[in-house]
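Trainee: show me the folded form of this:
(one chain, ligands or ions: 1)
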Amino acid sequence: MANNLLRLFLESNLANLKKNGLYNEIDTVYGANGPMITIGNKSFINLSSNNYLGLATDPRLKKVAQEAIGSHGLGSGAVRTINGTLDLHDKLENKLAEFKGTEAAIAYQSGFNCNMAAISAVMDKHDVIFSDALNHASIIDGCRLSKATIIRYEHSDMDDLRKKAKQAISLGKYKKMMIITDGVFSMDGDIAKLPDIVDIAEELNLITYVDDAHGSGVTGNGYGTVKQFGLEEKIDFQIGTLSKAIGVVGGYVAGKKVLIDWLKARSRPFLFSTALSPADIAASIKAIELLMDSKELNQALWENGNYLKHGLVKLGFNIGKSETPITPCIIGDEKVTQLFSNRLYDEGVYAKSIVFPTVPKGTGRIRNMPTSAHTKEMLDRTLAAYEKVGREMGLI
Ligand code: PMP
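Mentor: Here you go, the predicted structure:
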């Protein structure tokens, strides 16, 4: 490395991470990322992916992706405002608007990019954002990028939100004000109190922004959390990702046409980064069509989620307050959680431990992500592994 200071910085910080158990060794998955995966030369039941509907390996999506490569090539060629908007981009955005029940939609290269793009395109240093304490990192970064004042409210605590919003308003110094929340919280699987949030927003004249990355394809019969509560007309920004239930990659905002026109004119990842590829777009369109045409995959997802949850509760595990198929198994102590996850791994179950700082200290957990593609036999084997390791470690 040319620069010595940089080398010292990197080496000492990496050593520190490793010493404190905060360095994540990344496993390589060989072949398809489905309900079973191969790591090294061993096969595992995969409970760690967001591929909720199994669409990441669906032959119908693969077929249209291959056809799109044939007709449109591999890359979209340029940023969209210059020469990179393909007919497929327009088709995807129309489909997303239909899916989300809005006038229009804009697609981005990822869900992460989408939050960086959308928040900073409308909020600035004269504004204030009220952000749920458990919001996703991309929301936090998007808020920071906007330079707005950020006020965190306690997770899903509507009294705290109302109190903090009123306090901020009483200062009389902010122009626009926005509430931002995940639709489904990915570490606990609980659902945001959107009807209350809308009430507060209407009472205090706040903009509403819901990132439903984990809700789309899952809640509201697959249409998402905003639809579940019938709030399509009341939420200004509906954010989603194409990388989880949709099974591909990309992110989007759905909302009024005037909002989407503004984001197309002013959001920087749209203006300065090459757009989604034809294969990704074609597969995403197909996934949304499948979701809208049939409830089968969504029902299978919920059935599997409920099966796993009931099984874990019956064994005596604490699954927290999950309201969705996301199934945390809360162990508590960080080291015990990691050991538990390692033992599940030995037993052929790939379910990652989530510990501080991703979740509060002392609430370490194994996060299980059942999908529609898991079979009952896979879930039974998972439960058997939980029982064996749980007893062995004296946790049940
Ligand atoms: N928002 C939320 C709430 C998420 O959970 C995630 C994914 N971890 C993202 C955004 C980012 O989405 P993507 O992976 O498509 O960048």
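Trainee: can you list the residues of the stretch 201-350 of the chain near the ligand?
Mentor: 211, 213-214, 241, 243, 251 (CB under 6 Å from any ligand atom). Quick note: C-beta positions are derived from backbone N, CA and C, even for glycine.
Trainee: next, the residue of the stretch 251-396 of the chain found nearest the ligand: phi, psi?
Mentor: Evaluated by CB to the nearest ligand atom, the stretch 251-396 of the chain has G251 as its residue closest to the ligand, separated by 5.0 Å. Dihedral angles of G251 (phi, psi; degrees, to the nearest 10) stand at phi -140, psi 170.
Trainee: count the residues that sit near the closest residue to the ligand within the chain.
Mentor: Using CB to the nearest ligand atom, G111 is the residue of the chain that sits closest to the ligand, at 2.4 Å. The number of residues packed near G111 is 24, by other CB atoms under 10 Å.
Trainee: that one touches V253, doesn't it?
Mentor: No. Checked against CB atoms under 8 Å, the pair G111 and V253 is beyond contact range at 10.3 Å.
Trainee: mutual contacts of those two, please.
Mentor: Common neighbours of G111 and V253, counting by CB atoms under 8 Å, 6 or more residues apart in numbering, are I239.
Trainee: check contacts around I150.
Mentor: 128-129, 131, 140, 143-144.
Trainee: meant to ask about G255
Mentor: Contacts of G255 (CB under 8 Å, 6+ apart): 102-105, 235-238.
Trainee: take those residues and keep only those in helices.
Mentor: Using DSSP state H, no member of the contacts of G255 falls within helices.
Trainee: show the buried residues in the residues you listed.
Mentor: 102, 104-105, 235-238 (16 or more other CB atoms under 10 Å).
Trainee: which of the residues you listed fall within strands?
Mentor: 104-105, 237-238 (DSSP state E).
Trainee: ok, the residues you listed vs M1, which is closest?
Mentor: F237 (42.4 Å; CB to CB).
Trainee: once you drop chain neighbours, what's closest to that closest one?
Mentor: Y209 (4.1 Å; CB to CB, 6 or more residues apart in numbering).
Trainee: what about that neighbour, distance to G250?
Mentor: 19 Å (CB to CB, to the nearest Å).
Trainee: and those two? which has more neighbours close in?
Mentor: Neighbours were counted for Y209 and for G250 using other CB under 10 Å; Y209 has more, 30 against 25.
Trainee: pLDDT score assigned to the more buried one?
Mentor: Y209 is assigned 99 on the pLDDT scale.
Trainee: I'd say it and I180 touch.
Mentor: Yes. Counting by CB under 8 Å, Y209 does reach I180; the two are 4.4 Å apart.
Trainee: can you pull out the strands in the protein?
Mentor: Going by DSSP E, the chain shows strands at 29-30, 36-39, 42-46, 104-108, 128-132, 149-153, 177-182, 207-211, 237-241, 251-255, 327-332, 349-350, 353-354, 364-368.
Trainee: can I get the CA coordinates of the fourth one in PDB?
Mentor: It stands for strand 104-108. Extracted C-alpha coordinates of strand 104-108, given in PDB (Å, rounded to 0.1, in the frame of the first residue of the first chain):
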ATOM      1  CA  ALA A 104     -46.600   7.300 -10.800                       C
ATOM      2  CA  ALA A 105     -43.300   5.600  -9.700                       C
ATOM      3  CA  ILE A 106     -39.600   6.000 -10.300                       C
ATOM      4  CA  ALA A 107     -37.100   3.100 -10.200                       C
ATOM      5  CA  TYR A 108     -33.600   3.300  -8.700                       C
END
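Trainee: any chance you could list what contacts it?
Mentor: Residues outside strand 104-108 that contact it (CB under 8 Å, 6+ apart) are 89, 92-94, 96-97, 114, 117, 242, 250-257, 259-261, 263-264, 267, 269-270, 275-276, 281.
Trainee: gap between L145 and Q109?
Mentor: 16 Å.
Trainee: of these two, who's got more company?
Mentor: Applying other CB under 10 Å to L145 and Q109 shows that Q109 carries more neighbours, namely 20 against 16.
Trainee: in contact with that one, which residues?
Mentor: 249-251, 269, 273-276.
Trainee: also K227?
Mentor: 100-101, 219-221.
Trainee: for PyMOL, what selects the buried ones among those?
Mentor: The PyMOL selection below is limited to those of the contacts of K227 classed as buried (16+ other CB under 10 Å):
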select buried, resi 100+101+219+220
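Trainee: now, the contacts of K227 that are in helices?
Mentor: K100.
Trainee: the helix or strand bottoming out on mean pLDDT in the chain vs the ligand: in contact?
Mentor: The helix or strand of the chain with the lowest confidence, counting by mean pLDDT, DSSP states H and E, is strand 353-354 at a mean of 91. No. For strand 353-354, no contact with the ligand is found by CB under 6 Å from any ligand atom; the gap never falls below 12.1 Å.
Trainee: run a quick neighbour tally on C143.
Mentor: Quick note: C143 (other CB under 10 Å) scores 26 neighbours.
Trainee: need the helices for the stretch 51-200 of the chain, in chain order.
Mentor: Taking DSSP state H, counting those that start in this stretch, the helices of the stretch 51-200 of the chain run over residues 59-72, 87-100, 111-122, 137-146, 158-171, 194-204.
Trainee: M393 is nearest to which of the ones you listed?
Mentor: Nearest of those (CB to CB): helix 137-146, 30.6 Å.
Trainee: mind listing residues that contact the closest one?
Mentor: For helix 137-146, the surrounding residues in contact (CB under 8 Å, 6+ apart) are 111-112, 114-120, 122-124, 127, 129, 131, 150, 180, 182, 211.
Trainee: 7 Å instead, please
Mentor: 111-112, 115-116, 118-120, 123-124, 129, 131, 150, 180, 211 (CB atoms under 7 Å, 6 or more residues apart in numbering).
Trainee: can you redo these as a markdown table with distance to Y30?
Mentor: Formatted as a markdown table, the contacts of helix 137-146 follow (distance: CB to CB, whole Å):
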| residue | distance to Y30 |
| --- | --- |
| G111 | 26 |
| F112 | 26 |
| N115 | 31 |
| M116 | 32 |
| A118 | 36 |
| I119 | 37 |
| S120 | 38 |
| M123 | 43 |
| D124 | 46 |
| I129 | 42 |
| S131 | 39 |
| I150 | 41 |
| I180 | 38 |
| D211 | 32 |
